[in-house]
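Trainee: Need coordinates for the following:
(chains A and B)
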2 protein chains.
Amino acid sequence: MTKNINSQEEAVLHQAKISRRNMLKTAGVGGVGVLLGATGLGGLLTIKEGKANSTGKKDIIPFYGNHQGGITTKTQNHVYFVSLDVTTSKKEEVVKLFKDWTIAAALLSEGKPVGDLSSNEFLPPKDTGEAEGLSASNLTITFGVGPSLFVKDNQDRFGLKQKQPNELVDLPKFPLDALEEAWTGGDLCIQACADDLQVAFHAVRNLIRIARGKAILRWAQTGFQRTKQADPGQGTPRNLFGFKDGTINPDVKNEKQLNEHVWVQPGDGPNWLVNGSYLVVRRIQMFIEVWDRTTLKEQEKTFGRYRDNGAPLGQKDEFESLDLKQKNDQGEFYIPVDSHTRLSHGDGSQRILRRAYSYSDGMDAKTGSFDAGLLFLCFQRTPSKQFIPIQERLAKMDKLNEYISHRGSAIFACLPGVNQGGYIGETLFN
Amino acid sequence: MTKNINSQEEAVLHQAKISRRNMLKTAGVGGVGVLLGATGLGGLLTIKEGKANSTGKKDIIPFYGNHQGGITTKTQNHVYFVSLDVTTSKKEEVVKLFKDWTIAAALLSEGKPVGDLSSNEFLPPKDTGEAEGLSASNLTITFGVGPSLFVKDNQDRFGLKQKQPNELVDLPKFPLDALEEAWTGGDLCIQACADDLQVAFHAVRNLIRIARGKAILRWAQTGFQRTKQADPGQGTPRNLFGFKDGTINPDVKNEKQLNEHVWVQPGDGPNWLVNGSYLVVRRIQMFIEVWDRTTLKEQEKTFGRYRDNGAPLGQKDEFESLDLKQKNDQGEFYIPVDSHTRLSHGDGSQRILRRAYSYSDGMDAKTGSFDAGLLFLCFQRTPSKQFIPIQERLAKMDKLNEYISHRGSAIFACLPGVNQGGYIGETLFN
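Mentor: Predicted structure coming up:
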């Protein structure tokens, strides 16, 4: 086992020869780079040459930019979502955390370790190592802040109270909500999405490690979708009820639609969130076994769509506009008044960008059934005008409620993107 | 939405024109097929033309053969493992279950649904639909029977007592075992492995559905490895401690080694298990956060290998034979006496075929740490001479025990493979 650089001291010597800007550039190209400050030790750490786990640019999604990744990014195969609570009471430590996270997330997005893999055997390795040799796998890391970061138990924890947007408040309790503490709330969130679950796990684990002494895990949930390999055409994915899910989504290539429905705009609220987006998370258990005893007709009336091709009932094609007025021979609406599609759609003015994943958490010990369902993740510009009215309609009379239960819930403001040299959260904390 | 065949009656008419053998052949080629008996209704069901979800042969692993798949099969990206308890008291219903499972598993392995996707809207769909359009994704389904299928509460449940192998008994309690009911034991098991988790989930869910009234879920666990896409070279995968795991495995292409270490041989015990194999499952929680505070040197001494390249300590290459006698300048063994590698290896005579996956189940509510670790799956010819003595050594003094805890455990006899027309379990039940 050869080691290029055997100690932190040597790393510092080595570092002195390269300006930080150059180092960051180098890190992007060859595999030698220096990580500043992301270690919790404040030290300078050198990434071992030839051990960076990038395999080229083909599956790398740039971390820096106007918006964070993982929002309009084409949905990857897996998500690792975690909610965290801040444990420090010092604002400067929260700022330090976001600075460290920014540098680490930029490295991870390129398929690189967050620090030296093995230069000093007398210290814990800077990177936990399980992604060594793996490609970036289209990893995106999306950071958000929850209402309780601003005010908790009536305390203005970090002097941010005045910056709390009116929209960033706990969601109302909806009828039938069966929320559990175990999957609800949080001061911060990290959504890591990648085509490889080991890569997503590695990212989250290292980010949480960097947060030691400043924030702790509150809850975590993995999720999956069908892979690109199993469905090369990448049609609309199916949920665990066998139905296509996500047909009517804003077009992520249409900037006008995104500005209207997804990105926070100047004048919407505090300026720090412009170019960010609100994330609503719902952990929705699906009663698989009950559903599986239901007739196809009942299933299709519940969704308001055909199962096989996803077309609205009475129509032919998945992507046809909903015809909510069309009636059958018996004078009944093809798309029933209590169907999920009709109620979600409403008058069509409320649109959210859904990025949902299925989850499977073994058996529900209480019932002996599968604990499986949907980790519903949706992004939007104004929750009070988008997710909330939609969910109010659904909670009241959606026929699907017989087969599902909302067990977890949270809301976060996903921060705007940053350019190289900046840090995620800078508009909020400055 | 057009439907080729609108009711079970038409299906029966349709079926009358084709012999079963021809139908099964047809099912393998074109997408029209008939499924006999796998529905729990005993009806004849026709698979809708053009809707079979096979995308060619490239990612199909044959279900029929001398041995079951999923044992010497190259490890896929995901596992969905379930343990079941038999609820019927009738042997003929257990036999019926295995017959139905065999037909369904053969279809699933080809990327096909287990029955008609949507021919009769007044019945629940035969297939749950979430894998429609997805390729077979190298799905393998491996069935096993546990000790409690033979004798439970001193009852010879199905007249099989005399057929119970001496080797198929509950594992001894090892020192430090912290087993929980929630992940322990079972009358039957299904190990579904695939490169796509949705495909594996779909397989297990439909097999459990077919078992309704005969067997129920006891526990379930998903697992993952790094994907083929992220690691095209497919080196030895790393576990969540960042170390390569599975270096010394029998060569799955060497029949002699497999007959010596993996496949049950004539004379080993009851003949019904010849060509089968014993599966030992252990759900091993890994204390990620504790590990991450440990120095690299300590980590490497714990495993007895270098983290970066997996070579034994004091040696250069991952695949070198262990040199357990080599000492350093201080006269100490390079590979410490309490290291995982040394203790696992013993005198080298006990070899097991490991097929482990990592798992990540969110947060451990008791500790606030990750509930993550290893779903250890290993196959062998004789547990009393392979896994058990190895684990006895490890449980006694493995340094790794400071960082892990065995939380679940089970043993199953994985049945021999069958040829088309036969059924999994036929040698046991006949």
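Trainee: pLDDT wise, what is the residue of the stretch 51-200 of chain A found nearest chain B at?
Mentor: Using CB to the nearest CB, A:Gly129 is the residue of the stretch 51-200 of chain A that sits closest to chain B, at 2.6 Å. The C-beta positions use only the backbone N, C-alpha and C, and glycine is treated the same way. pLDDT recorded at A:Gly129 is 96.
Trainee: Then A:Lys58?
Mentor: pLDDT, A:Lys58: 84.
Trainee: Can you report how many residues lie near it?
Mentor: 8 (other CB atoms under 10 Å in any protein chain shown).
Trainee: for it, helix, strand, or coil?
Mentor: coil (DSSP: H, G, I helix; E, B strand; the rest coil).
Trainee: ok, now which ones touch the closest residue in space to the residue of the stretch 51-200 of chain A closest to chain B that isn't next to it in sequence?
Mentor: Of all residues not flanking A:Gly129 in the chain, B:Gly242 sits nearest, at 2.6 Å (CB to CB, 6 or more residues apart in numbering or on different chains). By CB atoms under 8 Å, 6 or more residues apart in numbering or on different chains, B:Gly242 lies in contact with A:Pro125, A:Thr128, A:Gly129, A:Glu130, A:Glu132, B:Gln299, B:Arg307.
Trainee: if we go to 7 Å?
Mentor: A:Thr128, A:Gly129, A:Glu130, A:Glu132, B:Arg307 (CB atoms under 7 Å, 6 or more residues apart in numbering or on different chains).
Trainee: okay, now the first one: neighbour count?
Mentor: By the measure other CB under 10 Å, the count of residues near A:Thr128 is 25.
Trainee: And the third one, by the same measure?
Mentor: The local packing count at A:Glu130 equals 23, with neighbours defined by other CB under 10 Å.
Trainee: correct me, but it touches B:Arg238?
Mentor: Yes. Counting by CB atoms under 7 Å, A:Glu130 does reach B:Arg238; the two are 4.8 Å apart.
Trainee: A:Ala203: neighbour count?
Mentor: A:Ala203, neighbours per other CB under 10 Å, totals 26.
Trainee: Let's verify it: helix, strand, or coil?
Mentor: helix.
Trainee: ok, it to A:Asp196 distance?
Mentor: 10 Å (CB to CB, to the nearest Å).
Trainee: Same check on A:Glu300?
Mentor: 35 Å.
Trainee: ok, those two, which is more surrounded?
Mentor: A count of neighbours by other CB under 10 Å puts A:Asp196 above the other of A:Glu300 and A:Asp196, at 29 against 21.
Trainee: And that one, how close does it get to A:His78?
Mentor: 7 Å.
Trainee: For chain A, give the helix that spans the most residues.
Mentor: helix A:91-109 (DSSP state H).
Trainee: who's in contact with that one?
Mentor: Contacts of helix A:91-109 (CB under 7 Å, 6+ apart): A:27, A:35-38, A:60-61, A:63-64, A:86, A:88, A:114, A:136, A:139-141, A:143, A:158-159, A:203, A:206-207, A:210-211, A:214-215, A:418, A:423-425, A:429.
Trainee: In which helix or strand does the residue of the stretch 151-300 of chain A found nearest chain B reside?
Mentor: Residue nearest to chain B within the stretch 151-300 of chain A (CB to the nearest CB): A:Gly242, separated by 2.5 Å. Per DSSP states H and E, A:Gly242 falls between elements, in no helix or strand.
Trainee: returning to what we had before: drop the exposed ones from the contacts of helix A:91-109 and show what's left.
Mentor: A:27, A:35-38, A:60-61, A:63-64, A:86, A:88, A:114, A:136, A:139-141, A:143, A:158, A:203, A:206-207, A:210-211, A:214-215, A:418, A:423-425, A:429 (16 or more other CB atoms under 10 Å in any protein chain shown).
Trainee: Need the pLDDT of A:Ile18.
Mentor: Value listed for A:Ile18 in the pLDDT field: 32.
Trainee: do the same with A:Ala52
Mentor: 36.
Trainee: Which residues does whatever helix or strand A:Ser358 lives in contact?
Mentor: Assessed by DSSP H and E, A:Ser358 sits inside strand A:357-363. Contact with strand A:357-363 is made by A:79, A:221-225, A:239-240, A:370-375, B:198, B:201, B:217, B:219-222, B:361, as judged by CB under 7 Å, 6+ apart.
Trainee: quick one: that strand to chain centroid distance?
Mentor: Put simply, strand A:357-363 sits 17 Å off its chain's centre (CA atoms, centre = their mean, to the nearest Å).
Trainee: strands paired with the next helix or strand after it, and their directions?
Mentor: Note on strand A:357-363: by DSSP H and E, the next helix or strand toward the C-terminus is strand A:370-380. Looking at strand A:370-380 with DSSP bridges, its partner strands are strand A:277-286 (antiparallel), strand A:353-354 (antiparallel), strand A:357-363 (antiparallel).
Trainee: and after strand A:370-380, which helix or strand comes next?
Mentor: helix A:387-397.
Trainee: The longest helix of chain A: which residues count as buried?
Mentor: Those would be A:93-109, for helix A:91-109 by 16+ other CB under 10 Å.
Trainee: Run through chain A and note the low-pLDDT ranges.
Mentor: Within chain A, the stretches with pLDDT under 70 are A:1-57, A:118.
Trainee: follow-up on the earlier one: if we check chain B, which of the buried ones among the contacts of helix A:91-109 are in contact?
Mentor: When the buried ones among the contacts of helix A:91-109 are checked against chain B using CB under 7 Å from any CB of the partner chain, none falls in range.
Trainee: Could you tell me how many residues sit around A:Gln257?
Mentor: A:Gln257: 15 surrounding residues under other CB under 10 Å.
Trainee: Pretty sure it sits against A:Trp263.
Mentor: No. Assessed by CB under 7 Å, A:Gln257 is found out of contact with A:Trp263, at 10.1 Å.
Trainee: Regarding the closest residue to A:Tyr357 other than its chain neighbours, what is its secondary structure?
Mentor: Spatial nearest neighbour of A:Tyr357, chain neighbours left out: A:Gly223 (2.8 Å); criterion: CB to CB, 6+ apart. Assigned by three-state DSSP, the conformation of A:Gly223 is strand.
Trainee: May I see the buried residues of stretch A:283-302?
Mentor: Residues A:283-289, A:291-292, A:294, A:296, A:299-302 are the ones in stretch A:283-302 that count as buried (16+ other CB under 10 Å).
Trainee: right, I mislabeled it, should have said stretch A:207-227
Mentor: A:207-211, A:214-227.
Trainee: Chain A: helices as residue ranges?
Mentor: With DSSP H as the criterion, chain A has helices spanning A:8-16, A:20-29, A:91-109, A:147-150, A:197-210, A:255-261, A:288-291, A:296-303, A:340-345, A:387-397, A:426-429.
Trainee: what angle sits between the fifth one and strand B:370-380?
Mentor: Think helix A:197-210. For helix A:197-210 against strand B:370-380, the angle by axes from the mean of the first three to the mean of the last three CA atoms, to 10 degrees is 140 degrees.
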